[in-house]
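> my questions are about this predicted structure, shown below with the sequence.
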Amino acid sequence: MNNKRIYLSLSEESGYEEEYIQRALKSNWITSGGPSVDEFENKFEDYFEQEKFVTALNSGTSAIHLALILLDIKAGDEVICQSMTFSASANPILYQNATPVFVDSEIDTWNICPINLEIAIKGRIKKGKKPKAIIAVHLYGMPYKVDEIHSIADKYNIPIIEDSAEALGSTYKGKKCGSFGYFGILSFNGNKIITTSSGGVLIGNYKETKDKAIFFATQSKDKAIHYQHSEVGYNYRMSNICAAIGLGQMKMLENNIISRRKNHFFYKDIFHKVKNAKLLDSLNEDFFSNYWLNTILLETQEQKESLRIAFEEANIESRPLWKPMHLQPIFEKYPYYGGQVAEDLFEKGLCLPSGSNLTKEDKNRIKEVLINFLN
Ligand SMILES: *Cc1c(COP(=O)(O)O)cnc(C)c1O
């Protein structure tokens, strides 16, 4: 095949990374933590208008794990989690030997359903255990129903961990995703909107919790001349070299968001006249998505599979939506509240190529497959 492969979401250099990496190497901070890490955190604290404390870590998964530890989630505790998500949202619950309780999605944003969330909370309380945290996810960059979800969480006084791994640059009612939860997290894995090769941040409201996060992330060293530990420690701090990459990547964040949103309007143009396939779009202007990935819902599983194969034949990557957690072998024994929404999305939904670097030719090739298929 002559045509080069078009991927769902590919990392790309901004051109500034090498300069930052050189500087980090020359300063001899070739380790975890260091001046580039501090600078990276400062840049994100600026991004959140100095209203947040940001801790740089080696992954988004570590950030979720530390959020659970900082919320004192222990063995036997229950944590509610959006079922429709990537497994990294839920795995840290098991690291703590806590019990995940999964909740279905709603059809407007494909994220956690407020009605089922409240049913789940009431159901667990009735069984004698109030959930200790809620993990809500802005899937594919689309903000969840922030007002509804947070007002339920507030009503029962349960903290939200806002998994914003896919939603850097998204906003809800003009406010940045990542800033709504008691804790927020971002990921800079290679497929995300910017990358540090691997990395993440924990976003919190207090200096004390940031200090405590760094303490846990650097092996929980007590204040002593020798190495002394009275709590379990982790090796979760971001590497100074990764932070240098991140500083270079941040220079193109705004452009990446613009390109991804342009991709969305490219797809919207194709799908707005189509009846048997629906593109996930903002419910109204309160929901501003970075459109990290564009996703569509077809009418049947067979249609989805034949479109996926048609793309594959043209050497274009597409992928089914995340398989809900309550259907995963590792998680299926845990409680689930909801109906068929997430399951239906998984069966009939497809992620489309959405990289920041899709060229005009790429788009033409994608369009050709879609037009052929939709006719
Ligand atoms: C990528 C991702 C994560 C985890 O981030 P890593 O940096 O890969 O550990 C968590 N949640 C969601 C929804 C993600 O997409």
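That came through fine. Nothing here was measured: the structure is a model prediction, and the numbers come from that model. Residues are numbered from 1 along each chain as shown.
> use CA for all of it now, contacts and neighbours both
Noted.
> show me how far the lengthiest helix in the chain is from its chain's centre.
Secondary structure of the chain per DSSP state H: the longest helix is helix 253-271. Its chain's C-alpha centre and that of helix 253-271 lie 18 Å apart, by C-alpha atoms, centre = their mean, to the nearest Å.
> packing partners for it?
strand 277-279, strand 294-298 (3 or more C-alpha pairs under 8 Å, 6 or more residues apart in numbering; DSSP states H and E).
> buried ones in it?
Buried residues in helix 253-271, counted by 16 or more other C-alpha atoms under 10 Å: 253, 256-264, 267-268, 271.
> quick revisit: what's the most buried one of the helices and strands packed on helix 253-271?
Counting by mean count of other C-alpha atoms under 10 Å, strand 294-298 has the highest mean neighbour count of the helices and strands packed on helix 253-271, with a mean of 23.
> and it with helix 253-271, angle?
20 degrees (axes from the mean of the first three to the mean of the last three C-alpha atoms, to 10 degrees).
> number of residues surrounding the closest residue to the ligand within the stretch 251-375 of the chain?
Residue nearest to the ligand within the stretch 251-375 of the chain: Trp322 (9.3 Å; C-alpha to the nearest ligand atom). Using other C-alpha atoms under 10 Å, the number of residues around Trp322 comes to 21.
> quick check: the gap between it and Ala213.
29 Å (C-alpha to C-alpha, to the nearest Å).
> which secondary structure state does the most centrally placed residue in the chain sit in?
By C-alpha atoms, centre = their mean, the chain has its centre lying nearest to Ala165, at 2.3 Å. Recorded secondary structure, Ala165: coil (DSSP: H, G, I helix; E, B strand; the rest coil).
> separation between it and Asn235?
Ala165 is 20 Å from Asn235, by C-alpha to C-alpha.
> same question, Ser318
Relative to Asn235, and taking C-alpha to C-alpha, Ser318 is found at 35 Å.
> and these two? which has more neighbours close in?
The residue with more neighbours, out of Ser318 and Asn235, is Ser318; 22 against 16, by other C-alpha under 10 Å.
> surely that one is in contact with Cys351?
Yes: Ser318 is within contact range of Cys351, at 5.6 Å (criterion: C-alpha atoms under 8 Å).
> common neighbours of the two, please.
The overlap between the contact sets of Ser318 and Cys351 (C-alpha atoms under 8 Å, 6 or more residues apart in numbering) consists of Leu8.
> spell out the secondary structure type for Gly184.
Assignment for Gly184 (three-state DSSP): strand.
> no further queries at this time; thank you.
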